[in-house]
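Peer 1: okay, here's the prediction I keep looking at, along with the sequence it came from:
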Amino acid sequence: MQTKIVFLIADGMGDYPLDELDGRTPLQAAETPNMDRLASQGIVGRCRTIPLGLPAGSDIANMALFGYDPRTYHTGRGPIEAAAQGLDLNPDDLVYRLNLCTVSEFTDQGRMLDYCAGHISTEQAAELIERLDSRLATERFGFKTGVQYRHLLIHKHGRDSVEATLDINPPHDILGQELATDLATFKTSPALSQLVHGAADILRNHGKAGPANAVWPWGQGPALHLPSFFETFGCHGGVISAVDLVKGLGQAAGCEVLEVPGATGLLDTNYSGKMQAARDFLHHGDFVYLHLEGPDECGHAGSWSQKIEAIERFDAHIVGPLLPTLRQQKAACMVACDHLTPVSVRTHTSEPVPFLVCFPEQLTAPATADRPFSEAAAQESELFLDNGFDLLPWILTKLRNGIS
């Protein structure tokens, strides 16, 4: 029987030392006995999930952790989330990720206040996106409802248009900053500029929009195509996540996308439901990619206290309860973040990420070291993979050949 593998991803968990935490990171300050135990039993290292020269995005980082080279396969953030929805795109269509967001005003003097419109509910957002589509959709542009603040803008036959080359900042990268630079970029496409300004007018005058007073299309690209995960790695894979980004990667790779009711991507997500979905899948599947969004959202919010809580919940409600199943199934376990989301900068950064791997024989053996799982512990390790997409093949090779 093939050894099973579980990837546990705490999005944005890595961070920088903070004066408020006496020079510790949120991961170091958090109580994480389960990850610490795995780090003491297994192997700790670092890997570069953001290839040099590419932007520090969850799309690129998670694609790398799935084992695919983003430099070869990445086409944009929007196409990945379109894959999650199973959209039937034409080869020359362009698809954007579309945020509902909050700005001080939609002018050059305006600033990006909130990339997620107060974590708007999916129900409220759906009403707004449907209204925008009914008022602004054309033969070229159409809106597609997603989850919470994350939606899509479809540009029919736009692959070779000027819009395909627009370099628009993700809204979480410009928190507190003026909109002028990006509004100037939008203006190079009169149709797209008219659409985003029209959306701002509609949302500003809509009584039920709440803090959602603008849309922000970014991360555009043509449809995503990935080689079969099973044919590439020989594993029957399952994906568990609240966000379409990760679901889309799984869908495009031919993995099972496991839906968990109550999975929100926030601190209040359904931890037990995610954990149980992983347990159930391991009865017939070989590889689980379980993704938790909470630490990343807390990093974007700039809250070290909430980030500590998110990390502690990940350890207590995901990692810990899964350990008996991992031992029973004789599974290998890898724990990592996809990228750092430091609370001091409130966006993603591209440094190599810490990871730990515990192989089946290590899960039942005494600890070989007394170390916590942290950025510092990973930095001290000699193990470094320059390409994050080599991590899964490295684990598979170790499983075939035996760990040393």
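Peer 2: Thanks, I have the structure now.
Peer 1: quick one: contacts for the residue nearest to the spatial centre of the chain?
Peer 2: In the chain, the centroid-proximal residue (Cα atoms, centre = their mean) is S58; its distance is 4.1 Å. Residues in contact with S58 (Cβ atoms under 8 Å, 6 or more residues apart in numbering) are D11, G12, L245, D296, D338, H339, H348. To be clear about C-beta, it is placed using only N, CA and C from the backbone, and glycine gets the same treatment.
Peer 1: so the fourth one belongs to a strand, correct?
Peer 2: No. Inclusion of D296 in a strand is not indicated when DSSP: H, G, I helix; E, B strand; the rest coil is applied; the result is helix.
Peer 1: tabulate the contacts of S58 (JSON lines), appending distance to F66 and pLDDT.
Peer 2: Shown next, in JSON lines, are the contacts of S58 (distance: Cβ to Cβ, whole Å; pLDDT from 0 to 100):
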{"residue": "D11", "distance to F66": "14", "pLDDT": "98"}
{"residue": "G12", "distance to F66": "17", "pLDDT": "98"}
{"residue": "L245", "distance to F66": "11", "pLDDT": "95"}
{"residue": "D296", "distance to F66": "17", "pLDDT": "96"}
{"residue": "D338", "distance to F66": "10", "pLDDT": "98"}
{"residue": "H339", "distance to F66": "14", "pLDDT": "98"}
{"residue": "H348", "distance to F66": "17", "pLDDT": "97"}
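Peer 1: please parse the chain into its domains.
Peer 2: As given by automatic domain parsing, the domain ranges for the chain are 5-73+226-401, 82-221.
Peer 1: please identify the deepest-packed of the ones you listed.
Peer 2: When these are scored by mean count of other Cβ atoms under 10 Å, the highest mean neighbour count falls to domain 5-73+226-401 (a mean of 20).
Peer 1: got the end-to-end distance for that one?
Peer 2: 15 Å (Cα to Cα, to the nearest Å).
Peer 1: can I get the CA coordinates of stretch 370-380 in PDB?
Peer 2: Extracted C-alpha coordinates of stretch 370-380, given in PDB (Å, rounded to 0.1, in the frame of the first residue of the first chain):
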ATOM      1  CA  ASP A 370      13.900  19.500  21.600                       C
ATOM      2  CA  ARG A 371      12.800  22.400  19.400                       C
ATOM      3  CA  PRO A 372       9.700  24.400  18.700                       C
ATOM      4  CA  PHE A 373       8.400  24.900  15.200                       C
ATOM      5  CA  SER A 374       9.300  28.400  14.200                       C
ATOM      6  CA  GLU A 375      10.900  30.600  11.600                       C
ATOM      7  CA  ALA A 376      14.100  30.700  13.700                       C
ATOM      8  CA  ALA A 377      14.200  26.900  14.000                       C
ATOM      9  CA  ALA A 378      13.800  26.500  10.300                       C
ATOM     10  CA  GLN A 379      16.500  29.100   9.700                       C
ATOM     11  CA  GLU A 380      18.900  27.100  11.800                       C
END
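Peer 1: got the contact list for that stretch?
Peer 2: 14-15, 25, 27-28, 32, 35-36, 38-40, 44-46, 335, 353-356.
Peer 1: just how off-centre is that stretch within its chain?
Peer 2: In terms of Cα atoms, centre = their mean, to the nearest Å, the centre of stretch 370-380 is set 23 Å apart from its chain centre.
Peer 1: just checking, L153 is part of a helix?
Peer 2: No. Counting by three-state DSSP, L153 is not part of a helix but strand.
Peer 1: mind checking pLDDT for it?
Peer 2: On pLDDT, L153 comes in at 98.
Peer 1: repeat that for D88.
Peer 2: For D88, pLDDT reads 88.
Peer 1: next, the contact list for it, please.
Peer 2: Residues near D88 by Cβ under 8 Å, 6+ apart: none.
Peer 1: can you check V147 too?
Peer 2: T122, A242, V243, D244, G265.
Peer 1: just the ones of the contacts of stretch 370-380 in strands?
Peer 2: V44, G45, R46, V335, V353, P354, F355, L356 (DSSP state E).
Peer 1: alpha carbons of stretch 381-394, in PDB - could you do that?
Peer 2: The C-alpha trace of stretch 381-394 is given here as PDB (Å, rounded to 0.1, in the frame of the first residue of the first chain):
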ATOM      1  CA  SER A 381      18.400  24.000   9.700                       C
ATOM      2  CA  GLU A 382      20.700  23.200   6.800                       C
ATOM      3  CA  LEU A 383      17.700  21.900   4.800                       C
ATOM      4  CA  PHE A 384      16.700  24.400   2.100                       C
ATOM      5  CA  LEU A 385      14.800  23.800  -1.100                       C
ATOM      6  CA  ASP A 386      15.300  26.700  -3.500                       C
ATOM      7  CA  ASN A 387      12.200  25.600  -5.400                       C
ATOM      8  CA  GLY A 388       9.000  25.100  -3.400                       C
ATOM      9  CA  PHE A 389       7.600  22.900  -6.100                       C
ATOM     10  CA  ASP A 390      10.400  20.400  -5.300                       C
ATOM     11  CA  LEU A 391       9.000  19.800  -1.700                       C
ATOM     12  CA  LEU A 392       6.400  17.200  -2.600                       C
ATOM     13  CA  PRO A 393       8.700  15.300  -5.000                       C
ATOM     14  CA  TRP A 394      11.400  15.400  -2.200                       C
END
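Peer 1: contacts for it?
Peer 2: Contacts of stretch 381-394 (Cβ under 8 Å, 6+ apart): 5, 7, 43-51, 61, 63-70, 233, 334, 336, 352-353, 355.
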